[in-house]
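>>> Give the three-dimensional model of this entry:
(2 chains)
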Amino acid sequence: MSMSLTGVRRSSAVSARVLGLVAAALSACATGFGADCPPHSLTAAETVTRLKGLDTAAQSEMQQHQYAEAVRDYREASCLAPDSAPIFYGLGVAEAASGDFLAARKSLAVADRLQPSNVLPLAMLVRVNFSLGDTESLKATLREAARRFPQDGNLHAGLAQFLVQNKLFDLALAESLRAQRASGANAGSVMELAVLENTVGAYEDAIRNAAAVERQAGLPDGVRASAAGVAGLSYESTGRREEAIAHLRDAIHLDPLQENSYLALAFLFEKAQRYGDAVNILHEGRRKLPGSFALLLPLGSDLVRAEQYQAAIEVLRDLLRQSPDELEAYLRIADAYRKTGRPEQEAGILQDLAQRKPEYPMIHLLIARAMLNPDRADYAKVLDELSLAEKSAPSDADVLYLRGKVYAAMSRYEEAAAALEHAIELNPMDPSPYYQLALVYKKLGKAEQARQALGRMQVVKQNGAGPETRGVN
Amino acid sequence: MTRRQLLLLSGAGAILPSALTASEPQNLSYPLREVQGTLTPPERFFVRDHFREPQLSLETWQLQIEGRVAHPYHLSFSDLLELPAKKVEAVLECSGNAANGSAASNGVWEGVPISYLLEPAGIDRESALLAFEGADAGRLFQDSAPLAYAQLVPLEKCLDASSLVAFKLNDLYLPRRNGFPARALFPGWYAMDSVKWVRRIVVLNAGDRQSAFYQSGMDRVYNRVVRTDEGQKITRLSAIQVKSVVAWPSDKMNLPAGRHLVWGFAWTGTGAIREVVLSVDGGMTWIPAQVQSSPDPFRWVRWSYTWTASPGDYVLMSRASDSQGNQQPVQRDKTRKDVYELNWCAPLQCSVR
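I've put the predicted structure just below:
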């Protein structure tokens, strides 16, 4: 389990205070030691010398990552100075660094008890409890830190940062809010809070905090641009799209090299179905960031939506040349081919996808559909694709429907009827198979059954389109 | 039906015929057939507001705990997040939800047990009730004071380990309209007690009259009004009555002859769902349905029945019973004078051709 050694580095400051605590150690010489400490016969002067030596050695060992040796030396030191908070803190840090988190927790708790005015043991306990995966103890430590150091903005901001890094976002939010309430909140921690608030849905808070950072002319443009981006996204979440767009444009203006701003603004345009605007902003992004890779897929997708199919195909083909694992790009290209009436190319790109990712959901159904479109379809190959589709989805009504259509086209009417009846059984509220079935029954000379199938199609259609008519089986 | 219409129609409304003047409430619900699996997505949770939704800030939100306690105190949102939390899957249903209505939703709630919040306050031995007050406020009736939304909940229910001050739903923070940043949650009880946007908990003795609750007129609604020989008996609503609904097909739907999966949900506030049965002939005969999810307390179960439908006209009804021996009534109790606990088996017409 990895752990931040920020606290370990801080331990160098501890040694300066060791000597100041020697007096406490000396008094302990007369009164005895902890249960794990062997008795010793050092004089007071010898104890001081020994402590200095142990502390120096332990620190050197820590720097050389010799944690077991550091633990050993700090343990001996803790026996000589059992009332020394810095020694127990050093011991806890060394134990944590060596991976003995349970021992570290005990030592840090002693350090905290001995010197409750110091934030370091609690801050380190947070890290140790995280490493132990002990969320409840972690929360208890955070509560204790809040109780004793409510105004220490740096402490709470630091804890928030640690918790964000370790993806404990709820607790990070809690600490970020504490940092904000305390005096020490800086632009960085305010931004972190704004991001968290936007994430949890406190959009007005996020807008207020992010906009405050955005307005600070003295801050680097990159920071202000990020703030404008967060404000924009929060505005979007509150339904104020024009403000959202304005803030994201500000973000681009402040720092034209942040690709996220282009992506976010394009996303807003997509939501508003302003695909031309989305294309324009992504083109602008590509001009500013010609090497940007992340802009290509949204640009290609938006070009398809904006009905600029040939440009879309070129952009997406360019993307696939650079990154053939961008699976969505294959589908977007297929879409563009379909919409420009090029079924062979559509089937071809889908086959490329199947080759790259054979288990891609329903890929063989998509290929089969594409292959059915040409005037002279190779039905045997379509059936092969449908067989592959059935392997991954044995009871899929769409596969059976398509199989029924193919059989019908091949004049294999009995098989077509069976497939279509099965499709209807799986999804009785889809009108399409009834119609096909009626045609098949007619070919088979079953006029009454054909009439019934058409009648049932009408029954299904009477419910109108909408979720209530969705297939449920 | 909006909350306002509901109140006007209720027995309590008859007691107090004055017009309501609450600000425009949100009144949202979504067809249950849109729920996949058993959890209602947060954006599809039903909403029944009394007043305008308050705009709350995480940075200033506080929960006061006061009243008959030795140590009144308040919590910030940070405090709430850093307290021991637990998750409870529970259905919430509006007490005025129609018999086949969709003002019911099921989710996994996360929050801090109310019992844990009460501990440091040190409640009085005589305490019997807790008043929960939301940050939403307004006039419930024309003749009542403009006050915060408030409900009284017996201490025993509050001390139940599943009763929470909740801040998450299905692992996401509460949507604003469902009580962001925090709400009370009383699994197994009708939703009006699960006060949204909670900001104050007041511990009360049995004789205390919490002002917002009484002065707002809240004591005059959410009551079970039963006609008796002596007149009428009024009792406060609490536990959700056993209920099931057919989610698919919809009422007055035309189905083609063939096999169809009829399905829906069932829930109860007392114990767990034991059985769901379905009738396609208006309640003359009943067929056991398959319960598809585990019938634990508080959560709803999804049930289904594969129906081979021949041409004809049908009346579908589902009926649930729970582990406490309660069974969904086939019809509304005719002695009821209120419009709550509408849990009878709602008939649903279906034409098969």
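
>>> quick check: domain ranges of chain B?
For chain B, automatic domain parsing gives the domain ranges B:3-236, B:243-352.

>>> Poorly predicted segments of the chain, please.
You didn't say which chain, so I picked chain A. A:1-35, A:183-185, A:374, A:464-473 (pLDDT under 70).

>>> should've been chain B
Applying pLDDT under 70 to chain B flags the ranges B:1-24.

>>> what do you get if the cut-off is 80, keeping everything else the same?
B:1-24, B:210 (pLDDT under 80).

>>> need the domains of chain B in CSV with distance to A:Asp384, can you?
Glycine gets a C-beta too; all of them are placed from N, C-alpha and C. Converted to CSV, the domains of chain B look like this (distance: least, CB to CB, whole Å):
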stretch, distance to A:Asp384
domain B:3-236, 32
domain B:243-352, 30
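
>>> Pipe those into CSV and attach distance to A:Asp378 and mean neighbour count per row.
Shown next, in CSV, are the domains of chain B (distance: least, CB to CB, whole Å; neighbours: other CB atoms under 10 Å in any protein chain shown):
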stretch, distance to A:Asp378, mean neighbour count
domain B:3-236, 37, 19
domain B:243-352, 33, 19
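
>>> And these: which comes nearest A:Tyr337?
Closest approach to A:Tyr337 among the domains of chain B is made by domain B:3-236 (32.0 Å; CB to CB).

>>> about what we covered before: which of the domains of chain B sits closest to A:Gly188?
domain B:3-236 (17.2 Å).

>>> Please enumerate the helices of chain B.
Taking DSSP state H as the criterion, chain B carries its helices at B:3-9, B:11-15, B:77-81, B:114-118, B:155-159, B:211-215.

>>> before we move on, back to that, among the domains of chain B, which is nearest A:Glu421?
Of the domains of chain B, nearest to A:Glu421 by CB to CB is domain B:243-352, at 9.2 Å.

>>> I figured A:Ile349 hits A:Ala334, correct?
Yes - between A:Ile349 and A:Ala334 there is a contact under CB atoms under 8 Å: 5.0 Å.

>>> which of the two has more neighbours?
A:Ala334 (28 against 25; other CB atoms under 10 Å in any protein chain shown).

>>> Which positions in chain B make contact with chain A?
Chain B comes close to chain A at residues B:31, B:33-34, B:55, B:57-59, B:76-79, B:81-84, B:172-176, B:180-181, B:248-250, B:253-261, B:263, B:351, B:353, as judged by CB under 8 Å from any CB of the partner chain.

>>> Show the backbone phi and psi for A:Lys106.
phi -60, psi -50 (degrees, to the nearest 10).

>>> what about the closest residue to A:Arg305 other than its chain neighbours, how many neighbours?
Leaving aside its chain neighbours, A:Arg305 sits nearest to A:Tyr275 (4.1 Å; criterion: CB to CB, 6 or more residues apart in numbering or on different chains). Counted with other CB under 10 Å, the neighbours of A:Tyr275 add up to 19.

>>> wait, isn't A:Tyr275 in contact with A:Phe267?
No - the pair A:Tyr275 / A:Phe267 is not scored as a contact, 11.7 Å apart, by CB under 8 Å.

>>> Let's check: the centremost residue of chain A is which one?
What sits nearest the mean C-alpha location of chain A, by CA atoms, centre = their mean, is A:Lys167, with 9.3 Å.

>>> On the three-state scheme, that residue is what?
coil (DSSP: H, G, I helix; E, B strand; the rest coil).

>>> Pull up the gap between it and A:Phe130, please.
10 Å (CB to CB, to the nearest Å).

>>> which one is the closest residue to chain A within the stretch 151-300 of chain B nearest to, not counting chain neighbours?
Proximity of the stretch 151-300 of chain B to chain A (CB to the nearest CB) peaks at B:Pro256, 3.5 Å away. Leaving aside its chain neighbours, B:Pro256 sits nearest to A:Arg456 (3.5 Å; criterion: CB to CB, 6+ apart).

>>> residues in contact with the one you found?
A:Tyr434, B:Pro256, B:Ala257, B:Gly258, B:Arg353 (CB atoms under 8 Å, 6 or more residues apart in numbering or on different chains).

>>> Surely the second one and A:Pro428 touch.
Right, B:Pro256. Yes - under the criterion of CB under 8 Å, B:Pro256 makes contact with A:Pro428 at 5.8 Å.

>>> What helix or strand is the residue of the stretch 351-473 of chain A found nearest chain B located in?
Closest approach of the stretch 351-473 of chain A to chain B (CB to the nearest CB) occurs at A:Arg456, with a separation of 3.5 Å. Assigned by DSSP states H and E, A:Arg456 falls within helix A:447-462.

>>> Any chance you could list what contacts stretch A:103-118?
Residues contacting stretch A:103-118 (CB under 8 Å, 6+ apart): A:71, A:78, A:83-86, A:88-89, A:91-93, A:95-96, A:120-122, A:124-125, A:128-129, A:132, A:137, A:148.

>>> re earlier: now the contacts of A:Arg456 in JSON lines, please, with extra columns for distance to A:Pro220.
Output for the contacts of A:Arg456, formatted as JSON lines (distance: CB to CB, whole Å):
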{"residue": "A:Tyr434", "distance to A:Pro220": "65"}
{"residue": "B:Pro256", "distance to A:Pro220": "66"}
{"residue": "B:Ala257", "distance to A:Pro220": "70"}
{"residue": "B:Gly258", "distance to A:Pro220": "67"}
{"residue": "B:Arg353", "distance to A:Pro220": "70"}
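
>>> tell me which residues in the top helix by length along chain A are buried?
Across chain A, the helix with the greatest residue count (assigned by DSSP H) is helix A:44-63. By 16 or more other CB atoms under 10 Å in any protein chain shown, the buried positions in helix A:44-63 come out as A:Thr47, A:Val48, A:Arg50, A:Leu51, A:Leu54, A:Asp55, A:Ala57, A:Ala58, A:Gln59, A:Glu61, A:Met62.

>>> Chain B next: which of those residues are close?
Among those, no residue sits close to chain B (CB under 8 Å from any CB).

>>> Looking at these, spot the one nearest B:Gln331.
For those, the nearest to B:Gln331 is A:Met62 (78.3 Å; CB to CB).

>>> got a list of what the residue nearest to A:Arg305 touches?
Residues in contact with A:Tyr275 (CB under 8 Å, 6+ apart) are A:Phe269, A:Asp302, A:Arg305, A:Ala306.

>>> The second one: helix or strand, and which one exactly?
Spelled out, it's A:Asp302. If you go by DSSP H and E, A:Asp302 is part of helix A:296-305.

>>> quick check: angle from the next helix or strand after that helix to helix A:296-305?
Later in the chain than helix A:296-305, the nearest helix or strand by DSSP H and E is helix A:309-322. Taking axes from the mean of the first three to the mean of the last three CA atoms, to 10 degrees, helix A:309-322 and helix A:296-305 form an angle of 160 degrees between their directions.

>>> Contacts for helix A:309-322, please.
Outside helix A:309-322, the residues touching it (CB under 8 Å, 6+ apart) are A:293, A:296-297, A:299-301, A:303-304, A:326, A:329-330, A:332-333, A:336-337, A:339-340.

>>> again, only this time at 7 Å
Under the contact criterion CB atoms under 7 Å, 6 or more residues apart in numbering or on different chains, helix A:309-322 has outside partners A:293, A:296-297, A:299-300, A:303-304, A:326, A:329, A:332-333, A:336, A:339-340.

>>> Pull out the buried positions in that helix.
For helix A:309-322, the buried set under the neighbour-count rule, 16+ other CB under 10 Å, comprises A:Tyr309, A:Ala311, A:Ala312, A:Ile313, A:Val315, A:Leu316, A:Leu319, A:Leu320.
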